[in-house]
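*Asks:* Output the structure for:
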Amino acid sequence: MCLLTATARADALPPDGVAEPAPPEASPASPAAEDVGQLVDAIEDLAQLAGKIGLDTRSHEASRLARAADVAGVYLELGLLVARANQPSTISTYWSASLGAGNLRAPDREPAGELAVTAGVAITGPTCTLLEVGARASLATRYGPTAAQFGRVCLGAIELEPEKATVDTKVEVFAINAYEAVGVNVRPSVEAASVTDNRRFALAEVGISVEGLRYHWSKRRWSAASPGVSMSQSVLTRSVDDNREWLARVTASAWFGELRYHRDPGQLTDFTVRLLPIAVDTIESGKAISTLSLVPLEIAGLGTHGVYVDAGGGLDLTADEPGDTPDEIAAKPDVAIGSYRLALRLGIPRFHGALISRQRLLPTLDDSIVAETRASATLHVDLRSLFVDAEAYRAHLRLYSGPGDDVDLELETWGIRGEAWIRAGRHLLVGATVEVGRSFVFAEPSSTIGTPPFGHLVLAQIGWRASSTRPFEE
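*Replies:* Next up, the predicted model:
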């Protein structure tokens with residue numbers, strides 16, 4: 001059994017800090033777009049003249065050409081607006097290598113070692129990282145080689161009628177973020193999911209999120225937006241008892257309105273209120289069960305002076321698949337639970353922690369569903385010379401395998417995952433990575449569920465990291 005939220009374990013070296021980009025300035029209207037508009041007007045005049053002198057065929061052709069030029073002018077203007085709002089400013093490259101040695105218990109104790117190499121490039125724009133592409137390859141004892149690649153794209157919002165914008169107000173549209181990731185021979189992470197064994201898997205995923213119209217006011221401290229839409233497509237495969245399991249999954253979410261207070265970059269988070277966030281997790285192929293999440297209201301970043309509260313709650317329930325027969329529907333779990341997420345966040349971007357409590361439904365790779373109630377704590381420290389990233393959790397699981405909403409099995413799991421690095425020179429780093437807990441990640445592959453075993457993976461690490469940043473030149 002494997003929860004679909006399982007992700008790759010990534011012991012990457014600490015990232016270098018990137019300064020927050022300054023907001024873009026307003027730009028004048030594009031001469032190219034004005035030229036296209038003049039061309040459209042000229043062609044329309046030609047069409048009217050051809051119609052007056054009786055050249056009907058030429059009149060029709062000129063009208064079609066005018067409409068095509070008009071459409072081209074719209075796309076050209078949109079493209080120029082996007083390009084103007086996302087001018088590259090800097091380009092950064094980085095690479096790192098690390099070597100670790102220690103001990104693994106999963107479930108038997110044995111020596112462990114890992115060699116990993118990471119490299120990537122990032123291009124920064126006025127408001128976000130426009131493009132980042134990276135890859136990581138590692139070779140670990142017992143688990144063998146692992147390869148992962150990722151990429152992300154950000155297109156900052158287009159400012160409408162910048163000539164009418166003031167220091168207080170402006171209107172933006174179409175803030176877009178997209179990502180892709182591919183992993184081969186990936187080991188599940190101890191904190192990623194509560195129920196999973198140590199089978200390796202391969203995963204490919206793409207996703208995109210788009211925000212509609214956003215209006216800023218009150219010296220651009222406040223803004224309201226509507227709507228926001230996100231969608232992702234993933235394919236996961238793994239080997240089970242000499243058979244290859246495949247699962248294709250589509251996740252879609254949307255919110256209908258958002259109110260945001262924009263804090264300074266030195267603060268941990270903005271204050272946001274989202275109205276009617278909805279998420280649908282649909283299984284296109286495979287044995288997993290689709291789920292639906294309904295949340296009437298979601299609040300994040302409520303507070304001040306480095307103390308913030310997040311709160312949200314609603315309903316999680318299982319969903320039927322299109323084409324399911326009445327007998328297939330009757331044989332599946334039919335579960336609905338109250339879902340919630342409460343968090344207390346403390347600190348600033350370079351030094352912060354959180355206490356989180358949440359309850360949700362999680363699908364598995366078979367015809368089961370898990371209701372997870374989890375309490376966790378996180379810590380993140382990035383002080384240039386010291387980097388720490390850690391999480392600890394404890395979870396109570398209710399497993400539903402048969403028809404209806406009767407609980408078939410209840411389990412308790414816990415885990416701690418962390419990494420710490422100290423900069424010992426300009427490029428040299430020393431540190432350690434730790435995974436420990438009572439988790440199915442440390443269990444041998446099995447088709448049955450028992451008590452999750454205790455296990456750990458502890459590695460002492462030495463790493464080398466180099467990076468450079470320079471102005472972007474076309």
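*Asks:* Go through stretch 391-404 and flag the buried ones.
*Replies:* 391-395, 397-401 (16 or more other C-beta atoms under 10 Å). (C-beta placed from N, C-alpha, C; glycine too.)
*Asks:* Quick one: the helices in the stretch 201-350 of the chain, in order.
*Replies:* Counting by DSSP state H, counting those that start in this stretch, the stretch 201-350 of the chain has helices at residues 326-331.
*Asks:* Can you tell me which of the buried residues of stretch 391-404 is closest to Glu473?
*Replies:* Closest approach to Glu473 among the buried residues of stretch 391-404 (C-beta to C-beta): Glu391, at 40.2 Å.
*Asks:* thought that closest one was touching Glu419?
*Replies:* No - counting by C-beta atoms under 8 Å, Glu391 does not reach Glu419; the two are 10.4 Å apart.
*Asks:* just curious, which of the buried residues of stretch 391-404 is nearest to Gly338?
*Replies:* Using C-beta to C-beta, these come closest to Gly338 at Arg398, 13.0 Å.
*Asks:* give me every residue that touches that closest one.
*Replies:* Applying C-beta atoms under 8 Å, 6 or more residues apart in numbering to Arg398 gives the contacts 370-371, 407, 409-410.
*Asks:* Show me the two of those residues that sit farthest apart.
*Replies:* Ala371 and Leu409 (11.3 Å).
*Asks:* so what sits against both of the two?
*Replies:* With C-beta under 8 Å, 6+ apart, Ala371 and Leu409 have common neighbours 397-398.
*Asks:* These two - which one has more neighbours?
*Replies:* Per other C-beta atoms under 10 Å, whichever of Ala371 and Leu409 has more neighbours is Ala371, with 23 against 14.
*Asks:* my guess is the more buried one meets Gln359, correct?
*Replies:* Yes - using C-beta under 8 Å, Ala371 is in contact with Gln359, at 7.1 Å.
*Asks:* Quick check: neighbours shared by these two?
*Replies:* What both Ala371 and Gln359 touch, as defined by C-beta under 8 Å, 6+ apart, is the set Ile337.
*Asks:* closest to Val335 among the contacts of Arg398?
*Replies:* Relative to Val335, the closest of the contacts of Arg398 is Ala371; by C-beta to C-beta it sits at 6.8 Å.
*Asks:* what sits against the closest one?
*Replies:* Contacts of Ala371 (C-beta under 8 Å, 6+ apart): 335, 337, 359-362, 397-398, 400.
*Asks:* Sort the residues you listed by pLDDT and name the bottom one.
*Replies:* Across the contacts of Ala371, the bottom pLDDT score, 85, is held by Leu362.
*Asks:* Look at that one and say how many residues are nearby.
*Replies:* Neighbour count of Leu362, defined by other C-beta under 10 Å: 22.
*Asks:* Within the helices and strands, which one has it?
*Replies:* Remark: Leu362 resides in strand 351-363, with elements defined by DSSP states H and E.
*Asks:* other SSEs contacting that strand?
*Replies:* Using 3 or more C-beta pairs under 8 Å, 6 or more residues apart in numbering; DSSP states H and E, the elements in contact with strand 351-363 are strand 290-304, strand 307-319, strand 336-348, strand 369-382.
*Asks:* related to what we said a few turns ago, and the contacts of Ala371, which is closest to Leu315?
*Replies:* Of those, the one sitting nearest to Leu315 (C-beta to C-beta) turns out to be Ile337, at 7.5 Å.
*Asks:* how close does the closest one sit to Thr291?
*Replies:* 10 Å (C-beta to C-beta, to the nearest Å).
*Asks:* What of Thr413?
*Replies:* Distance from Thr413 to Thr291, counting by C-beta to C-beta: 20 Å.
*Asks:* Next: Val153.
*Replies:* 28 Å.
*Asks:* Neighbour count: these two, which is higher?
*Replies:* Remark: of Val153 and Thr291, Thr291 carries more neighbours, 23 against 18, as counted by other C-beta under 10 Å.
*Asks:* Nearest spatial neighbour of that one, chain-adjacent residues omitted?
*Replies:* Asp281 (4.7 Å; C-beta to C-beta, 6 or more residues apart in numbering).
*Asks:* List the residues that contact that neighbour.
*Replies:* 4, 249-251, 290-293, 363.
*Asks:* Just put these in TSV and tack on distance to Val441 and pLDDT.
*Replies:* Shown next, in TSV, are the contacts of Asp281 (distance: C-beta to C-beta, whole Å; pLDDT from 0 to 100):
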residue	distance to Val441	pLDDT
Leu4	15	48
Arg249	21	87
Val250	26	90
Thr251	23	91
Ser290	25	86
Thr291	22	88
Leu292	28	89
Ser293	25	91
Pro363	18	79
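*Asks:* filter these to the buried ones?
*Replies:* Neighbour-count burial (16+ other C-beta under 10 Å) applied to the contacts of Asp281 gives 4, 249, 251, 290-293, 363.
*Asks:* Asp241: how many residues sit nearby?
*Replies:* Around Asp241 there are 7 residues (other C-beta under 10 Å).
*Asks:* now swap in Pro107 and tell me
*Replies:* Here the number of neighbours of Pro107 (other C-beta under 10 Å) works out to 11.
*Asks:* My guess is it contacts Pro445. True?
*Replies:* No - the criterion here is C-beta under 8 Å, and Pro107 misses it with Pro445 at 11.7 Å.
*Asks:* Count the neighbours of the closest residue in space to Gly404 that isn't next to it in sequence for me.
*Replies:* Of all residues not flanking Gly404 in the chain, Asp334 sits nearest, at 5.8 Å (C-beta to C-beta, 6+ apart). For Asp334, the neighbour count with other C-beta under 10 Å is 16.
*Asks:* got a list of what Asp334 touches?
*Replies:* 318, 403-405.
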